[in-house]
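Asks: attaching a predicted model along with its sequence, questions to come.
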Amino acid sequence: GINTITIAEAGWRMMSVPAGGGTLADLLAEIWTQGATGASTTIGSPNVFTYDEANQTWAGVTDLNVAPAAGTGLLVYVFDSFRNTYDNGTTFPITLTMNTLTEDTTDATVAPSLTAGDWFLSANSYSLDVDIDSAVTFGSEWNQTIYIWDASAGTWASRTVDPATQTGIGDIVDGMVSPYQSFFIQAAAATTQLVVERPKGRGHLRGAAFYKSTGESDSDVPSIVFTASGDYGSDKTYVTFADEAETGKDKRDASKLVPFGERERMQMMSYVPANPGATDGHAAGIGEALSIQNLPLYHEEELTVPMDVLPMRPEGNGAYAFDAQDVELSWDAASMAKAGLHGYLIDHETGATISLRDQDTYSFVTSSGGRLLTAGEHVYPSPSTTRFSLTFTRSEMGTSTEAPGGATAELPTQLTLEQNYPNPFNPSTQIRFALPQSESVTLEVFDVTGRRVATLLDGTRLNAGWHDVAFDASNLGSGTYVYRLQSAGTTQTRTMVLVR
């Protein structure tokens with residue numbers, strides 16, 4: 001019925017006060033509560049919290065006999081031992097019942113007083129699923145990303161939304177928020193109001209069972225999903241591409257939030273580049289940690305994204321140690337070609353450079369000895385360096401053709417010689433160029449005195465499209481080198497730096 005909420009296991013739960021009202025004591029009567037008037041006991045620390053927007057922190061509820069406004073978000077810790085265990089021996093799942101509940105027939109409108117960067121805990125206060133892609137009126141003052149606590153996985157799930165197309169991408173499949181589920185959203189500017197429309201026929205009437213993520217996407221936005229798997233589980237990070245995206249943080253980037261509770265967990269995140277124009281992973285600098293990073297689809301310069309994979313073991317008081325273990329990193333290589341993207345994964349520890357088009361997995365061993373402090377942090381703190389960098393390039397293109405792997409790409413409209421990657425390099429790098437039609441190509445490398453040190457292509461006839469040529473400088477010394485591309489009477493040159 002419309003007055004029930006189902007809890008499957010112990011742990012932290014984010015829920016909401018249902019539309020129609022009722023006291024917290026009534027809502028939470030079936031579970032153990034403490035530290036508040038009207039709780040199972042007034043002794044101990046509170047296990048029921050609301051979010052204090054003014055101070056941007058969780059605040060323990062001291063009186064459960066109050067009836068908060070419909071849609072008020074709650075954080076509740078559900079203990080292994082709860083009241084009915086002592087009464088009649090029942091076990092999980094627990095069903096919470098609001099005897100006084102009547103279904104609300106109006107939209108939920110809130111008017112918090114926030115400034116840019118502040119967090120707000122909103123909620124689905126209805127007995128139907130809310131389609132977050134279409135039911136939430138974000139407005140210009142809100143970031144277009146929501147965050148839900150996935151209790152079964154012990155981590156946050158996020159989804160970034162395009163209000164114009166009413167589609168989204170991330171861990172919250174189809175954008176459906178379960179009945180009586182609360183969610184975080186961040187202000188992009190001084191806020192006036194947030195509206196969550198009452199479900200009108202979409203979804204289904206049910207006793208709410210809290211959200212579980214599946215890690216899939218239903219959006220047509222070009223995107224690459226990276227998954228890291230090891231002994232401590234798995235985690236995902238998303239890189240999406242859109243016309244209006246920015247190289248710094250924008251409204252569709254999703255912050256990487258610190259999870260509730262301390263346990264062994266795999267965490268993967270990208271970072272906003274502190275210096276977006278840098279072409280080297282470390283020179284790009286480390287900005288805010290993200291679970292979804294939105295990048296410009298069309299860009300003339302190479303985009304560099306710092307990234308980390310961290311198997312984390314708790315040491316107490318919000319401190320985590322990094323453990324050494326075997327990890328497999330995977331992604332969908334076909335999605336790179338489909339989006340017309342070229343990209344590389346750079347392992348700064350081993351020096352490996354992996355094409356995101358030619359491979360779809362990379363296995364490595366993480367290093368032990370690092371440490372991360374998360375106490376008091378809402379978003380993961382940024383490190384001074386990262387082990388990995390991602391690089392992406394994409395050019396304006398013309399006529400359609402067939403790309404490697406059978407995906408549809410576009411023919412270049414002119415001869416183009418791109419900057420090698422990585423650069424500086426040691427000892428190998430990739431040189432990428434584009435041909436508008438089938439032509440004979442010569443590609444040579446010279447030192448600064450003009451002496452030719454390598455011929456990579458010598459009048460070789462190649463098809464129209466994008467081409468990658470590997471250059472191994474193992475037999476050369478440190479210094480600046482010039483590489484030259486000649487085709488159909490046209491010559492282009494660039495420089496690169498070998499660092500030993």
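Replies: Thanks, I have the structure now. Numbers count the residues shown, from 1 in each chain.

Asks: only C-alpha atoms from now on, for both contacts and neighbour counts.
Replies: OK.

Asks: what's the span of stretch 254-273 from first residue to last?
Replies: End-to-end span of stretch 254-273 (CA to CA, to the nearest Å): 14 Å.

Asks: repeat for stretch 272-288
Replies: End-to-end span of stretch 272-288 (CA to CA): 5 Å.

Asks: next: stretch 4-18.
Replies: The straight-line separation of the ends of stretch 4-18 (CA to CA) is 10 Å.

Asks: burial of Gly233, as a residue count?
Replies: 14 (other CA atoms under 10 Å).

Asks: can you map out the helices along the stretch 1-150 of the chain?
Replies: 24-27, 83-87, 132-135 (DSSP state H, counting those that start in this stretch).

Asks: mean pLDDT lowest where, among those?
Replies: Ranked on mean pLDDT, the bottom entry among the helices of the stretch 1-150 of the chain is helix 83-87, at a mean of 46.

Asks: what residues are bridge-paired with Glu439?
Replies: Note on Glu439: beta-bridge partners by DSSP bridges are Leu462.

Asks: SS state for Pro259?
Replies: coil (DSSP: H, G, I helix; E, B strand; the rest coil).

Asks: list the beta-bridge partners for the residue nearest to it when sequence neighbours are not counted.
Replies: Excluding its sequence neighbours, the residue lying closest to Pro259 (CA to CA, 6 or more residues apart in numbering) is Thr155, at 5.3 Å. Using DSSP bridges, the bridge partners assigned to Thr155 are Asp150.

Asks: surely Thr155 is in contact with Tyr147?
Replies: No. Thr155 is beyond contact range of Tyr147, at 10.3 Å (criterion: CA atoms under 8 Å).

Asks: show me what contacts the residue nearest to Pro259?
Replies: Trp149, Pro259, Phe260 (CA atoms under 8 Å, 6 or more residues apart in numbering).

Asks: need those in JSON lines (columns: pLDDT).
Replies: Below are these laid out as JSON lines (pLDDT from 0 to 100):
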{"residue": "Trp149", "pLDDT": "92"}
{"residue": "Pro259", "pLDDT": "93"}
{"residue": "Phe260", "pLDDT": "91"}
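
Asks: most neighbours among these, please name it.
Replies: Highest neighbour count within the contacts of Thr155: Trp149, with 27 neighbours (other CA under 10 Å).

Asks: lowest-scoring secondary structure element of the chain by mean pLDDT?
Replies: Ranking every helix and strand in the chain by mean pLDDT, DSSP states H and E puts strand 400-402 at the bottom, with a mean of 34.

Asks: one step back: looking at the contacts of Thr155, which one is closest to Asn124?
Replies: The nearest member of the contacts of Thr155 to Asn124, counting by CA to CA, is Trp149 at 13.6 Å.

Asks: wait, the closest one sits on Ile172?
Replies: No. Using CA under 8 Å as the test, Trp149 is too far from Ile172 to be in contact (10.6 Å).

Asks: now do the helices in the stretch 251-400 of the chain.
Replies: For the stretch 251-400 of the chain, the helices defined by DSSP H, counting those that start in this stretch cover 333-338.

Asks: quick one: the strands in it?
Replies: 254-255, 265-271, 289-296, 299-316, 319-322, 326-330, 342-347, 353-355, 361-365, 371-373, 388-394, 400-402 (DSSP state E, counting those that start in this stretch).

Asks: okay, those, which one's buried deepest?
Replies: strand 254-255 (a mean of 27; mean count of other CA atoms under 10 Å).

Asks: what's that strand packed up against?
Replies: Secondary-structure packing of strand 254-255 (3 or more CA pairs under 8 Å, 6 or more residues apart in numbering; DSSP states H and E): strand 155-162, strand 289-296.

Asks: which of those strands sits closest to Asp231?
Replies: Nearest to Asp231, of all the helices and strands packed on strand 254-255, is strand 155-162, at 16.2 Å by CA to CA.

Asks: ok, then the element right after that closest one?
Replies: strand 167-170 (DSSP states H and E).

Asks: any idea how far Ile148 is from Glu418?
Replies: For Glu418 relative to Ile148 (CA to CA), the value is 41 Å.

Asks: again, but for Thr247
Replies: Look at Thr247 and Ile148: by CA to CA, they are 26 Å apart.

Asks: and those two? Which one has more around it.
Replies: The residue with more neighbours, out of Thr247 and Ile148, is Ile148; 26 against 19, by other CA under 10 Å.

Asks: need the pLDDT of the more buried one.
Replies: Ile148 carries a pLDDT value of 93.

Asks: wait, doesn't it sit right on Ser182?
Replies: Yes. With contact defined as CA under 8 Å, Ile148 counts as touching Ser182 (7.1 Å).

Asks: ok, and what's touching the helix or strand containing Leu456?
Replies: Leu456 belongs to strand 452-462 when elements are defined using DSSP H and E. Applying CA under 8 Å, 6+ apart, the contact partners of strand 452-462 are Ser438, Glu439, Ser440, Val441, Thr442, Leu443, Glu444, Val445, Phe446, Asp447, Val469, Phe471.

Asks: helix or strand next in line after it, which one?
Replies: Following strand 452-462 toward the C-terminus (DSSP H and E): strand 465-472.

Asks: residues contacting the nearest residue to Leu373 once chain neighbours are set aside?
Replies: Nearest residue to Leu373 in three dimensions, chain neighbours excluded: Ala319, at 4.5 Å (CA to CA, 6+ apart). Ala319 makes contacts with Arg371, Leu372, Leu373, Thr374, Ala375, as judged by CA under 8 Å, 6+ apart.

Asks: how far away is Ala319 from Lys251?
Replies: For Ala319 relative to Lys251 (CA to CA), the value is 30 Å.

Asks: returning to what we had before: buried only: go through the contacts of strand 452-462 for me.
Replies: Buried by 16 or more other CA atoms under 10 Å: Ser440, Val441, Thr442, Leu443, Glu444, Val445, Phe446, Asp447, Phe471, out of the contacts of strand 452-462.

Asks: so which of those residues belong to strands?
Replies: Ser440, Val441, Thr442, Leu443, Glu444, Val445, Phe446, Asp447, Phe471 (DSSP state E).

Asks: among those residues, which two are most distant?
Replies: Greatest spatial distance among these (CA to CA): Ser440 and Asp447, at 23.8 Å.

Asks: contacts for stretch 354-364 next, please.
Replies: 326-334, 336-337, 342-346.

Asks: closest one of these to Ala228?
Replies: Nearest to Ala228 out of those is Leu329 (CA to CA; 4.5 Å).

Asks: is the closest one in contact with Phe226, as I believe?
Replies: Yes. Using CA under 8 Å, Leu329 is in contact with Phe226, at 6.8 Å.

Asks: which residues touch the residue most central in space within the chain?
Replies: Centroid check for the chain by CA atoms, centre = their mean gives Ser291 as the closest residue, at 2.0 Å. Residues near Ser291 by CA under 8 Å, 6+ apart: Ser158, Lys236, Thr237, Tyr238, Asp253, Ala254, Ser255, Lys256, Met268, Met269, Ser270.

Asks: what sits against the fifth one?
Replies: For Asp253, the contact set (CA under 8 Å, 6+ apart) comprises Thr145, Thr160, Leu290, Ser291, Ile292, Gln293, Asn294.

Asks: list the buried residues of stretch 131-148.
Replies: 131-138, 141-148.

Asks: mind checking which of these land in strands?
Replies: Asp131, Val136, Thr137, Trp142, Asn143, Gln144, Thr145, Ile146, Tyr147, Ile148.

Asks: ok, these vs Pro306, which is closest?
Replies: Closest to Pro306, out of all of these and judged by CA to CA, is Thr145, at 21.0 Å.

Asks: quick one: the residue nearest to that closest one when sequence neighbours are not counted from Ile169, how far?
Replies: Take Thr145 and drop its neighbours on the chain: the residue closest to it by CA to CA, 6+ apart is Thr160, 4.2 Å away. Going from Thr160 to Ile169 by CA to CA gives 6 Å.
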